[in-house]
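Colleague: Any chance you can model this:
(one chain, ligands or ions: 1)
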Amino acid sequence: MVFLGPPGAGKGTQAEMLVERLKITHVSTGGLFRQAIEEGTPAGAEVREYVDSGRLVPDHLVMQLVEGLVAGQEGRGICFDGFPRTLAQAEALDCVLTGHSAGVDVVLALDLPDEVALNRLMSRGREDDDYATARYRLEVYQTTTAPLIRYYTERGLMARVDGNADINTVARRIDDALKALAA
Ligand code: AMP
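Modeller: Numbering: from 1, shown residues only. Next up is the predicted model:
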């Protein structure tokens with residue numbers, strides 16, 4: 001499963017809740033990058049400047065991380081949160097999963113107007129959430145990641161959910177969208 005949506009859309013929160021219900025593994029590439037930076041690992045040093053400035057980590061570094069994770073998850077479902085973020089990553093993911101006789105089953109896009117996303121980011125207070133960086137991350141989403149909606153729509157995998165509501169309402173909408181897609 002893949003969670004798409006602009007920064008601030010609630011991907012992390014909703015992914016946490018969904019993996020509990022579905023008993024699958026939550027993979028947040030952003031969370032793993034932040035953890036590596038905090039722990040001071042070589043991988044962390046490599047991605048730090050990207051994460052701090054809100055730029056995308058280069059695809060080959062992201063794929064290195066993801067390939068390792070997928071290899072360790074044989075047979076168990078994964079919910080990707082914040083990945084893929086580029087067309088190249090989406091294609092590489094298809095390739096990696098095919099190699100494990102698996103594939104993307106469903107993609108959830110949480111839609112949210114930019115102003116609402118910005119307000120949420122400002123109140124969250126993460127280090128890469130200062131106004132200029134948050135604006136930039138939204139722009140990167142619109143130009144580079146949003147085209148994935150088309151990629152997955154063409155493959156019949158896309159479910160879009162209005163993320164502009166409280167946490168429980170959005171969780172209910174996600175459940176409904178998943179049911180509709182499975183029907
Ligand atoms: P997130 O926690 O998803 O908001 O990600 C925080 C930051 O980590 C992003 O602004 C990027 O710098 C980096 N990042 C996370 N996931 C990816 C990805 N799939 N591709 C490139 N960069 C990523």
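Colleague: Give me the pLDDT for Ala182.
Modeller: pLDDT for Ala182: 83.
Colleague: Which single residue in the protein comes nearest to the ligand?
Modeller: Gly30 (2.0 Å; CB to the nearest ligand atom). Placement of C-beta: from N, CA and C, glycine included.
Colleague: how about Leu22, what does it touch?
Modeller: 1, 77, 79 (CB atoms under 8 Å, 6 or more residues apart in numbering).
Colleague: try it again with 10 Å
Modeller: Applying CB atoms under 10 Å, 6 or more residues apart in numbering to Leu22 gives the contacts 1, 77, 79, 178.
Colleague: for the helix or strand where Thr98 lies, packing partners?
Modeller: Taking DSSP states H and E as the criterion, Thr98 maps to helix 87-99. The elements that helix 87-99 packs onto, with contact taken as 3 or more CB pairs under 10 Å, 6 or more residues apart in numbering; DSSP states H and E, are strand 2-4, helix 59-71, strand 78-81, helix 147-154.
Colleague: Let's see that with 7 Å instead.
Modeller: In this structure, helix 87-99 packs against helix 59-71, helix 147-154, with contacts taken as 3 or more CB pairs under 7 Å, 6 or more residues apart in numbering; DSSP states H and E.
Colleague: what's that helix in contact with?
Modeller: Contact partners of helix 87-99, identified using CB atoms under 7 Å, 6 or more residues apart in numbering, comprise 59, 62-63, 66-67, 70, 83-84, 103-104, 147-148, 151.
Colleague: For the spatially most central residue of the chain, which non-adjacent residue is closest in space?
Modeller: Residue closest to the average C-alpha location in the chain (CA atoms, centre = their mean): Gly82, at 1.7 Å. Excluding its sequence neighbours, the residue lying closest to Gly82 (CB to CB, 6 or more residues apart in numbering) is Gly30, at 4.6 Å.
Colleague: Can you report how many residues lie near that neighbour?
Modeller: Counted with other CB atoms under 10 Å, the neighbours of Gly30 add up to 19.
Colleague: Could you look up the SS state of it?
Modeller: helix (DSSP: H, G, I helix; E, B strand; the rest coil).
Colleague: helices and strands of this structure: which one bottoms out on pLDDT?
Modeller: Least confident element among the helices and strands of the chain, by mean pLDDT, DSSP states H and E: helix 114-124 (a mean of 92).
Colleague: got a list of contacts for that helix?
Modeller: Identification of contacts with helix 114-124 by CB under 7 Å, 6+ apart yields 6-9, 129, 131, 134-135, 138, 164.
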